[in-house]
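> Give me the fold of what follows.
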Amino acid sequence: MSTYRNIGSTVFSVLLNVSVKCIVESFVCLYTILLNVIIMGSLVYIKRHRNTQNLLLINVSIACIVFSLSCLLSICLTIWILYHRSVPTFACQFIAFIVISSCHCLMFSYTLVTFVRFLTIIYPFNRKITSVRWIQVYLVAKWMLAFLLPSISFLLPNHEIIFQPKAKICTVNQQSPVLILLFSTGYIIPLISISLMNLITYLNVTRSRQTLGMSQSKLFRLNKRKRRNLRLLRQFSMFTVFFFFGWTPFIIVEVVDKEGKLADAYYLFTLLLPSICVLIDSHVLLYWNKSISHQICLWWRVLIGQNQFISREPVEQTRSPVDASCTYMHSDV
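The predicted model follows:
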């Protein structure tokens with residue numbers, strides 16, 4: 001078994017497209033990593049942020065960082081392959097496994113957030129299933145499953161994990177049935193699950209505002225919680241929209257263009273969309289969570305010398321036009 005596989009020369013226009021794609025994707029990934037590190041820092045730093053919901057948000061940030069790092073590794077391998085005109089077999093197989101696993105981690109993280117929100121709304125008075133202990137169980141199962149499913153790539157023959165000449169990445173051969181399996185576990189099933197849970201949650205919140213035999217105070221708290229959950233549901237639905245438009249184009253190209261008739265530009269452009277989608281999701285999370293936004297603004301003031309210390313518990317302050325960017329934004333996630 002050969003450790004390297006030779007590839008042919010690449011025309012200048014393709015090299016230019018690949019270079020632009022690698023530069024743009026590297027910038028997007030590095031920005032995503034920095035943004036999610038800041039989000040994680042703010043969630044961990046403030047004591048009142050340490051709850052089950054923010055534990056899930058920290059998990060999403062970690063998944064975004066892992067995905068961005070895997071994309072950077074894939075970019076480095078692509079540059080190495082194009083420079084040396086040979087494909088290291090094991091490195092190609094390993095990077096493909098890392099990228100596919102990180103994609104599953106990200107998809108399962110979005111699904112887990114929706115699932116916990118679903119349990120919270122459907123069973124509002126059963127706090128055991130959404131306690132910290134059960135959240136930790138969900139997270140461990142999620143990460144194990146995310147790395148276990150793509151591990152099938154190590155069991156495939158060498159010709160099943162290839163350096164795609166169009167996409168310029170190491171991944172599963174387009175002719176392999178395993179590709180459909182991985183797309184199903186990492187895209188189709190999570191998307192359907194998220195959509196169904198959001199639909200059931202929406203119907204439950206909008207149609208069950210009254211409950212017989214419940215005291216007025218308890219009914220008031222329940223309806224207040226449901227209104228907040230409906231607001232959060234609409235916010236989480238935006239993640240599903242970005243998720244759909246970010247991943248669908250490349251999957252369609254991979255499944256439909258098995259004969260490689262499409263131009264390289266289609267592959268390179270659709271490969272950028274998932275990274276951009278993850279960056280947009282991170283910005284949306286930052287925009288909606290007022291406490292995170294405020295804490296980051298406090299850090300920024302300290303960094304530029306406006307304040308001498310950071311309070312662990314943000315307090316309301318009189319706003320000025322200069323501090324407009326540090327205002328509390330929309331509802332807390």
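> Let me see the domain layout of this protein.
4-287, 289-333 (automatic domain parsing).
> Quick check: which of these is buried the most?
domain 4-287 (a mean of 17; mean count of other Cβ atoms under 10 Å). C-beta: built from backbone N, CA, C; applies to glycine.
> which one's the longest helix in the protein?
Counting residues, the longest helix found in the chain (DSSP state H) is helix 216-256.
> quick one on the thing from earlier: possible to save the domains of the chain as JSON lines with mean pLDDT?
Formatted as JSON lines, those follow (pLDDT from 0 to 100):
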{"stretch": "domain 4-287", "mean pLDDT": "81"}
{"stretch": "domain 289-333", "mean pLDDT": "56"}
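> ok so, going back, check which helices and strands the longest helix of the chain is in contact with.
If contacts are counted by 3 or more Cβ pairs under 8 Å, 6 or more residues apart in numbering; DSSP states H and E, helix 216-256 sits against helix 89-122, helix 177-183, helix 189-207, helix 264-288.
> List the residues that contact residue 185.
By Cβ atoms under 8 Å, 6 or more residues apart in numbering, the contact list for residue 185 reads 104, 149.
> what's near enough to touch the closest residue to residue 246 other than its chain neighbours?
Spatial nearest neighbour of residue 246, chain neighbours left out: residue 277 (2.5 Å); criterion: Cβ to Cβ, 6 or more residues apart in numbering. By Cβ under 8 Å, 6+ apart, the residues touching residue 277 are 242, 243, 245, 246, 247.
> Same question for residue 29.
By Cβ under 8 Å, 6+ apart, the contact set of residue 29 is 68, 69, 71, 72, 275.
> before we move on, back to that, between the helices and strands packed on helix 216-256, which gets nearest to residue 22?
Comparing the helices and strands packed on helix 216-256 against residue 22 with Cβ to Cβ, the closest turns out to be helix 264-288 (9.2 Å).
> Helix or strand next in line after the closest one, which one?
Using DSSP states H and E, the helix or strand that follows helix 264-288 in sequence is helix 290-303.
> do you know how far residue 65 is from residue 38?
Per Cβ to Cβ, to the nearest Å, residue 65 is found 11 Å from residue 38.
> And the residue nearest the centre of this structure?
Compute the mean C-alpha point of the chain, and by Cα atoms, centre = their mean the closest residue is residue 106, 4.2 Å away.
> I'd say that one and residue 67 touch.
Yes. Counting by Cβ atoms under 8 Å, residue 106 touches residue 67, with 4.9 Å between them.
> re earlier: any chance of the helices and strands packed on helix 216-256 in a markdown table, with distance to residue 169 too?
Listed next are the helices and strands packed on helix 216-256 as a markdown table, based on distance: least, Cβ to Cβ, whole Å:
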| stretch | distance to residue 169 |
| --- | --- |
| helix 89-122 | 7 |
| helix 177-183 | 13 |
| helix 189-207 | 21 |
| helix 264-288 | 7 |
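> Figure out which of those is closest to residue 129.
Per Cβ to Cβ, nearest to residue 129 of the helices and strands packed on helix 216-256: helix 89-122, 5.4 Å.
> and the angle from whatever helix or strand comes next after the closest one to helix 89-122?
As assigned by DSSP H and E, the chain's next helix or strand after helix 89-122 is helix 132-148. Following axes from the mean of the first three to the mean of the last three Cα atoms, to 10 degrees, one obtains 150 degrees for the angle between helix 132-148 and helix 89-122.
> What would helix 132-148 look like as CSV? C-alpha coordinates only.
Coordinates of each C-alpha in helix 132-148 appear next as CSV, following Å, rounded to 0.1, in the frame of the first residue of the first chain:
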residue,chain,number,x,y,z
VAL,A,132,-27.3,19.8,35.0
ARG,A,133,-26.6,16.1,35.5
TRP,A,134,-28.8,15.1,32.6
ILE,A,135,-27.4,17.9,30.4
GLN,A,136,-23.9,16.5,31.1
VAL,A,137,-25.2,13.0,30.1
TYR,A,138,-26.6,14.5,26.9
LEU,A,139,-23.3,16.2,26.1
VAL,A,140,-21.2,13.1,26.7
ALA,A,141,-23.5,11.1,24.5
LYS,A,142,-23.4,13.8,21.8
TRP,A,143,-19.6,14.0,21.6
MET,A,144,-19.2,10.2,21.6
LEU,A,145,-21.8,9.8,18.9
ALA,A,146,-20.3,12.6,16.8
PHE,A,147,-16.9,10.9,16.7
LEU,A,148,-18.2,7.3,16.6
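> following it, which helix or strand comes up?
Using DSSP H and E, the first helix or strand after helix 132-148 is strand 161-163.
> what lines up beside that following strand in the sheet?
Here strand 161-163 is paired, per DSSP bridges, with strand 170-172 (antiparallel).
> For the strand it pairs with, which outside residues touch it?
Under Cβ under 8 Å, 6+ apart, the answer for strand 170-172 is 74, 77, 87, 91-93, 95-96, 99-100, 153, 156, 160-164, 178-179, 182.
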